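Participant: take a look and give me a structure for this.
(2 chains)
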Amino acid sequence: MLYREAGQFKTTYAADQQLFPIRQDRIGVITLLLVAFLGVPLFASEYWFSAILIPFLIFALAALGLNVLTGYAGQLSLGSAAFMAVGAYAAYNFQLRIEGIPILVSFALAGLTAAGVGILFGLPSLRIKGFYLAVATLAAQFFIVWCLTKFPWLSNNSSSGVISTQKLIIFGHELTTPVEKYLLVLSIVVVMALAAKNMVRSSTGRAWMAVRDMDVAASVIGIKLMPTKLLAFAVSSFYCGVAGALYAFCYLGSVEPDGFSLEMSFKILFMIIIGGVGSIMGSFLGAAFILLLPIFLDVALPFLAGLFGLPFSSATVSHIQITVFGALIMFFLIVEPHGLARLWQIAKEKLRLWPFPH
Amino acid sequence: MLSSAAMAAEEQFFPLIDYRVGPYGSNGQAFYGGFIDYLNYVNLKEKGVNGVQMTYEECETEYNNAKGVECYERLKSKAAKSAGPLHTMSTGISYALIDKSAQDKLPLAMMGYGRTDAVDGSVFPYAFPLVTTYQMQASAIVKFIKDKNGGNLAGKKIVYLYHDSAYGKEAIIALEAEASLNKFTLVQIPVAHPGNEQGAQWLKIRQEKPDFVIFWGWGVMNQTALKAAQKVAFPRDKMIGSWWTGSEEDVVPAGDAAKGYMAATWNVSGKQVPVIADIENVVYGAGKGNLQDKTKIGTILYNRGVSAAVLSVEAIRKGQEKYGKGKALTGEQTRWALENLNITDARLKALGATDLLPEIKTSCDNHEGSGKVKIQQWDGAKWVPVSGWIEGNKALIHPLFQASAKQYAKEKGITPRDCSKEK
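Facilitator: Below is the predicted model:
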């Protein structure tokens, strides 16, 4: 009843081509954005901004990047964290070495640098597929971290290899509070997510999906494999690179190469598997699940323990949290192997018929 | 408002951003166990500091930077009213918190680790690399070797075998300065994390035939190095490690290979230290001990946790002298106290904490306060101190910190405080 597109006629090309063709979706997205931009800053506390919302948005962006590559173009990658590292260090170096460069420009350049590195490590994808490609991207993971440790120039000869990010100044205004940083991250993530949503339904996105489904067939119908695959690597790394720059500048404030470990790459991969491979929304759902659930359990478990009078130490809570988290991942993968985004899709289909299912 | 606050017993809150699980969990268990035991000891023994009870809340980081930041944000609001120094026991987390903690006016203690140029308090008012830093420690180790060699190192060769990370690289700058000053050859050999394979590195050491190996290991790398040294027959008593390589957890798994190995430390192990024995009586006697595994009492890391707590509680005492006895201190007040610490040997003796800490006197331009370490040797069953307190070459090392802090201030646009105006 509520979610039914009956009666929505498209009379112009523009109406037919818009990003969200269904009116209810448009209203939903606009409401969500209003809440995120206006509602959240009114009510959320500093803890929510710095410890939950900012990392959630940044990881959602990184997961989005990986989803472009793995979900849409079908190229498995284990190097997402390394591309984030490239972005973080590149943004730092642009800020450091080019006098007066605006921060947003250095973020964009950081993305482009990561894209360049991504293309380089995407080259093997022209010859190898699947798990073998995953191993090749694993090389990126180790090589980039090694490289950032090895060449002190990249960290401005910091004796420890740790970089401390510069101030965030936009149009002469310095962003210091978590709310301002949140709004900056949110704006960048919204723009890039909508751009990704648009890209995957364009001819580029269709070419990616064709390659994913069967690359021989795709090349037979005239899709050039090399540019298509490399573009997927470039776009994906661009997103990861920007996410890395935001991670360094808006979240932690100081990063070291070892922080961008294989574990982080896996985390991003799990986000898209849980959230939904080949879905923009899935990247957000997955990031929320992987990042927020442990924190929620961390807070809820001692409370529950207190309720039942159990003597939990913080170590026990940590152990239980890991166990419950693992069990939940298995539960979701068994119940819905296509991820949380698929659950949402099913819900939408049900809503179409509701309240009179037949 | 005022009356209700005055009626409730004053409490001094310690936000504990700690770790007890994960790869380094066993280190954290001993350290934070000692820390919490001492807080409880103060509560039980003397009813808190001038009647102010010590309270704490733990948050588990698993030695993960992002989790550390989350924990910090979580505990921050509770620390708004009163806060003792934060001890994260992690260089990475400390780095991530340096700016935030200064903004939120919470003092960050980094005993023997962390952003070492924070020794220069004019740029880092809220960060305290107390007792010693990697650089001063490396310098002290060089001094120890020099004394062993009759006061001359010219023409000698020293290998620096280190964990290839922020932690391992910190000391290089100090060793290079020492090498040019004392005219010895320094050979740097990195070991990739986690360091459980060091065949190639030790082959190189055998070729180089160094007179000494200075060793900056971490976790599983430590026992591996000791076993590898045994394999290439490099004498263990020519190997001197940093304080992260000198706990029971590091040498016991290496078994026989660890015998004779030396490491720097700023606290002795064992229960012969009066305060440790007393903690066991008072706290564990009352059934309020924090450790599940009581055998850890008296180990190096447990005693180090106690030493960190002694220092923190002494800071609270100092702060109360200025801001009012019987009142809890805010983070800002604790910061002042940490900057004006003066813990003498007499005071340590009165606390029963002789040899748990060197004497400490901090100031605005010296947040380290001591720079002294002891060298201890593993005799196969326990750590035995083989030197008195050795101070690193301050005149050589501290200018390095100041230069680095100055660069940081420039990058971040911080105007350093004028230390001569601080009281």
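Participant: and the helix or strand of chain A with the lowest mean pLDDT, what does it pack onto?
Facilitator: The helix or strand of chain A with the lowest confidence, counting by mean pLDDT, DSSP states H and E, is helix A:314-335 at a mean of 84. For helix A:314-335, the packing partners by 3 or more C-beta pairs under 8 Å, 6 or more residues apart in numbering or on different chains; DSSP states H and E come out as helix A:262-275, helix A:280-308, strand B:53-60. All C-beta spots, glycine's among them, are computed from the backbone N, C-alpha and C.
Participant: which residues sit against the first one?
Facilitator: Among residues not part of helix A:262-275, those counted as contacts by C-beta atoms under 8 Å, 6 or more residues apart in numbering or on different chains are A:59-60, A:62-63, A:66-67, A:70-71, A:77-82, A:84, A:138, A:141-142, A:281-287, A:289-290, A:329, A:332-333, A:339-341.
Participant: now with 7 Å?
Facilitator: A:59, A:62-63, A:66-67, A:70-71, A:78-81, A:141, A:282-283, A:285-287, A:289-290, A:329, A:332, A:339-341 (C-beta atoms under 7 Å, 6 or more residues apart in numbering or on different chains).
Participant: what angle do that helix and helix A:280-308 make?
Facilitator: Relative orientation of helix A:262-275 versus helix A:280-308 (axes from the mean of the first three to the mean of the last three C-alpha atoms, to 10 degrees): 100 degrees.
Participant: surely B:Gly246 and B:Trp266 touch.
Facilitator: No - if you go by C-beta atoms under 7 Å, B:Gly246 and B:Trp266 don't touch, sitting 10.2 Å apart.
Participant: pick out whichever of the two has more residues nearby.
Facilitator: When B:Gly246 and B:Trp266 are compared for neighbours, B:Gly246 comes out ahead with 29 against 25, by other C-beta atoms under 10 Å in any protein chain shown.
Participant: could you report the pLDDT at that one?
Facilitator: On the pLDDT scale, B:Gly246 is placed at 90.
Participant: contacts only, for it.
Facilitator: By C-beta under 7 Å, 6+ apart, the contact set of B:Gly246 is B:Ala263, B:Ala264, B:Thr265, B:Ile300, B:Gln376, B:Trp383.
Participant: got CSV for the residues you listed, with pLDDT and neighbour count too?
Facilitator: Below are the contacts of B:Gly246 laid out as CSV (pLDDT from 0 to 100; neighbours: other C-beta atoms under 10 Å in any protein chain shown):
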residue, pLDDT, neighbour count
B:Ala263, 94, 28
B:Ala264, 94, 28
B:Thr265, 92, 26
B:Ile300, 91, 27
B:Gln376, 93, 24
B:Trp383, 92, 23
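Participant: hey, which of the helices and strands packed on helix A:314-335 is tucked in deepest?
Facilitator: By mean neighbour count, with neighbours taken as mean count of other C-beta atoms under 10 Å in any protein chain shown, helix A:262-275 ranks first of these at a mean of 22.
Participant: can you name the residue of the stretch 101-250 of chain B nearest chain A?
Facilitator: B:Ala166 (3.7 Å; C-beta to the nearest C-beta).
Participant: excluding residues flanking it in the chain, which one is nearest A:Arg212?
Facilitator: In this structure, A:Arg212 finds its nearest non-sequential neighbour in A:Gly74, 2.9 Å apart by C-beta to C-beta, 6 or more residues apart in numbering or on different chains.
Participant: just checking, that neighbour touches A:Met214?
Facilitator: No - judged on C-beta under 7 Å, A:Gly74 makes no contact with A:Met214 at a distance of 9.4 Å.
Participant: neighbour-wise, which of these two wins?
Facilitator: Using other C-beta under 10 Å, the more surrounded residue of A:Gly74 and A:Met214 is A:Gly74, with 23 against 11.
Participant: before we move on, what SS does the more buried one have?
Facilitator: What DSSP: H, G, I helix; E, B strand; the rest coil gives for A:Gly74 is coil.
Participant: now it: how far from B:Pro190?
Facilitator: Between A:Gly74 and B:Pro190 the computed distance is 38 Å (C-beta to C-beta, to the nearest Å).
Participant: picking that back up, tell me which of the contacts of B:Gly246 is nearest to chain A?
Facilitator: Chain A lies nearest to B:Ala264 out of these, by C-beta to the nearest C-beta, at 18.7 Å.
Participant: packing partners of the host helix or strand of the closest one?
Facilitator: Following DSSP states H and E, one finds B:Ala264 within strand B:262-265. Where contact means 3 or more C-beta pairs under 7 Å, 6 or more residues apart in numbering or on different chains; DSSP states H and E, strand B:262-265 is packed against helix B:134-148, strand B:239-241, strand B:372-378.
Participant: name the surrounding residues that touch that strand.
Facilitator: For strand B:262-265, the external contacting residues (C-beta under 7 Å, 6+ apart) are B:137, B:140-141, B:237, B:239-243, B:245-246, B:300, B:373-377, B:386.
Participant: swap in stretch B:317-337?
Facilitator: Contacts for stretch B:317-337 (C-beta under 7 Å, 6+ apart): B:10-12, B:49-52, B:79, B:81-85, B:105-107, B:125-126, B:315-316, B:340-341.
Participant: over to stretch A:177-184?
Facilitator: Applying C-beta under 7 Å, 6+ apart, the contact partners of stretch A:177-184 are A:Pro41, A:Glu46, A:Phe49, A:Ser50, A:Leu53, A:Ile54, A:Leu168, A:Leu175, A:Cys250.
Participant: closest to A:Trp354 among these?
Facilitator: A:Leu53 (31.4 Å; C-beta to C-beta).
Participant: in contact with that closest one, which residues?
Facilitator: Each residue near A:Leu53 by C-beta under 7 Å, 6+ apart is listed here: A:Ala44, A:Tyr182.
Participant: how far away is it from A:Ser187?
Facilitator: For A:Leu53, the distance to A:Ser187 (C-beta to C-beta) stands at 13 Å.
Participant: look up the closest residue to B:Ala337, ignoring the ones flanking it.
Facilitator: Among residues not flanking B:Ala337 along the chain, B:Gly319 sits closest, at 3.4 Å (C-beta to C-beta, 6+ apart).
Participant: in what helix or strand does the one you found lie?
Facilitator: Using DSSP H and E, B:Gly319 sits within helix B:300-323.
Participant: could you pull out the buried residues of that helix?
Facilitator: For helix B:300-323, a neighbour-count test (16 or more other C-beta atoms under 10 Å in any protein chain shown) marks B:300-320, B:323 as buried.
Participant: and the next element down the chain from it?
Facilitator: Per DSSP H and E, the first helix or strand lying C-terminal to helix B:300-323 is helix B:331-339.
Participant: quick one: low-confidence ranges for chain A?
Facilitator: Scanning chain A for pLDDT under 70 picks out the ranges A:1.
Participant: near chain B, which residues of it? Just list them.
Facilitator: Counting by C-beta under 7 Å from any C-beta of the partner chain, the residues of chain A close to chain B are A:47, A:50-51, A:55, A:149, A:159-162, A:164, A:166-167, A:252-254, A:256, A:258-259, A:295, A:314-315, A:317-319.
Participant: please flag which of the residues you listed sit within helices.
Facilitator: Counting by DSSP state H, the residues of chain A next to chain B place A:Tyr47, A:Pro55, A:Thr149, A:Ile295, A:Ser314, A:Ala315, A:Val317, A:Ser318, A:His319 in helices.
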